[in-house]
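In: Here you go, sequence then predicted model.
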Amino acid sequence: MSLNSQNALSPEDNQELVARQAILGRQDEIIGYELFARNESSGPLEDPFLCSARVLIKTFSVYNLESLLGGKPAFINFTNSNFDEKSLELFPARQVIPEFTITEAPSREFLGHLLHLQKLGFRLALDRFEASPWHLALLKIADFIKIDCFSNAPEQWEAWIKQIKNCKLPRQPAIVATRVETAVLARRCFEAGVDYSQGFYYMEPEIVKGKTLTSNQHTIFNLLNLLLEENPVSDIEEAFRRDPGLSYQLLRYLNSAGMTRGQEIESIRQALILLGRQPLQRWLTLLLFASQGTQKSSILVMAATRAKFAEILREKSPVLDDQPASQPSS
């Protein structure tokens, strides 16, 4: 069964952007940026999956990474319900800090995913810490703990800071005060022992404009079908050649995400061989969501489900060792 879809929205329709907000240390030095998806006509995007997908894709496939981040890491928001660790593995651990908002006890599977990401070198951030039992359990693997110092009373977040610092941990996570909106609050946060601070007192989220994401959804659906049907790499290469914009984004992603080992990738064939089938499938699926409007469509959900199902089937296949998923067939 083939996937079909209409073309992508025109660049003028609901152009979405990326906003960044600096995270600073005691000497006002920038240690990283939190990135958000924004829509030019309607402001913040509501769907958390769309937000995460768009920020990741736009950061590494559209924007100039140095201009956007200046060599600093990007804190990107996730929840335990909209999180796909395999997709996150597409991006460099040194550059991306996944920031999790967890409002209920995480599953054993989700904890396993976090530990796997940590083994890959990702630093993990826990947002909206409120000392719930699962927040306290996650302290041992978190690198950053973010505390909302605006919505909570000072006495409350000061007690949380003491609680974190008094925990006997293998390593102490850095504490980040968020929503810091006045000089008085900033001073009190650092006096209470936070390591970093973020909020309107320092800077409002700054809109950073880049090239509009104008991927043709029909081409992406066609490529996903070619990958799912195990077509040769020459067919996949030809589909990319018919869409220069998509080819540009793939090459930009590989050359900016630190996957080229110092070698500039200039051809689609090089890119396909370096990336492999399953990572390309995941990247295209993220791109498909990122090039949508403000709402997820049912056909996108179907596409993502089919891609995931095919990935699981391949992992269970008895011939997997004979046909490794990491390499496209010629």
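Out: Cool, the structure landed.
In: contacts, neighbours, all on C-alpha from now
Out: Will do.
In: Test my guess that Asp143 contacts Ala174.
Out: Yes: with contacts counted by Cα atoms under 8 Å, Asp143 reaches Ala174, the gap being 6.1 Å.
In: List the buried residues in whichever helix or strand Ile147 is part of.
Out: Element membership of Ile147, judged by DSSP states H and E, is strand 144-148. By 16 or more other Cα atoms under 10 Å, the buried positions in strand 144-148 come out as 144-148.
In: Tell me which residues are up against the helix or strand following that strand.
Out: For strand 144-148, the succeeding helix or strand toward the C-terminus, using DSSP H and E, is helix 154-166. With contact meaning Cα atoms under 8 Å, 6 or more residues apart in numbering, helix 154-166 is reached by 130-131, 139, 147-149, 172, 175, 192-194.
In: farthest-separated two in those?
Out: Cys149 and Gln172 (19.9 Å; Cα to Cα).
In: For Asp127, see how far away Phe36 is.
Out: 14 Å (Cα to Cα, to the nearest Å).
In: mind listing what Ile220 touches?
Out: Counting by Cα under 8 Å, 6+ apart, Ile220 touches 284, 288.
In: Tell me the secondary structure of it, please.
Out: With DSSP: H, G, I helix; E, B strand; the rest coil as the basis, Ile220 sits in helix.
In: how near is it to Gly245?
Out: Counting by Cα to Cα - Ile220 and Gly245 are separated by 12 Å.
In: if we look at the sheet, which residues does the closest residue to Asn77 other than its chain neighbours bridge to?
Out: Nearest non-adjacent residue to Asn77, counting by Cα to Cα, 6 or more residues apart in numbering: Glu99, 4.7 Å away. Beta bridges link Glu99 to Asn77, Ala125 when assigned by DSSP bridges.
In: What ranges does the protein have for its strands?
Out: 16-24, 30-39, 43-44, 74-79, 96-101, 125-127, 144-148, 174-178, 196-197, 206-208 (DSSP state E).
In: Glu99 contacts Asp127, correct?
Out: Yes: assessed by Cα under 8 Å, Glu99 is found in contact with Asp127 at 6.2 Å.
In: Which pLDDT value goes with Phe100?
Out: Note on Phe100: pLDDT of 94.
In: for Pro318, same thing?
Out: 50.
In: can you start the count at 52 instead of 1 from here on
Out: Okay, residue one is now 52; in that scheme the one you just asked about reads as Pro369.
In: so how far is Leu177 from Leu275?
Out: Taken as Cα to Cα, the span from Leu275 to Leu177 is 34 Å.
In: As TSV, the buried residues of strand 195-199 with distance to Glu140 and pLDDT would be great.
Out: Output for the buried residues of strand 195-199, formatted as TSV (distance: Cα to Cα, whole Å; pLDDT from 0 to 100):
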residue	distance to Glu140	pLDDT
Phe195	19	98
Ile196	22	98
Lys197	23	98
Ile198	27	98
Asp199	28	97
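In: want to throw those residues into TSV with distance to Arg145?
Out: Below are the buried residues of strand 195-199 laid out as TSV (distance: Cα to Cα, whole Å):
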residue	distance to Arg145
Phe195	14
Ile196	18
Lys197	19
Ile198	23
Asp199	25
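In: Report the two of those separated the most.
Out: Phe195 and Asp199 (13.1 Å).
In: now the helices for the stretch 152-301 of the chain?
Out: 159-170, 184-189, 205-217, 234-243, 268-279, 284-292, 295-307 (DSSP state H, counting those that start in this stretch).
In: closest to Arg320 out of these?
Out: helix 284-292 (6.2 Å).
In: Closest one to Gly327 out of the buried residues of strand 195-199, please.
Out: Phe195 (32.5 Å).
In: thought that closest one was touching Ala228?
Out: No: using Cα under 8 Å, Phe195 is not in contact with Ala228, being 10.4 Å away.
In: now what about stretch 103-115, what contacts it?
Out: Under Cα under 8 Å, 6+ apart, the answer for stretch 103-115 is 69, 86-88, 116, 119, 127-129, 142, 261-264, 300-304, 307-308, 337-338, 340-342.
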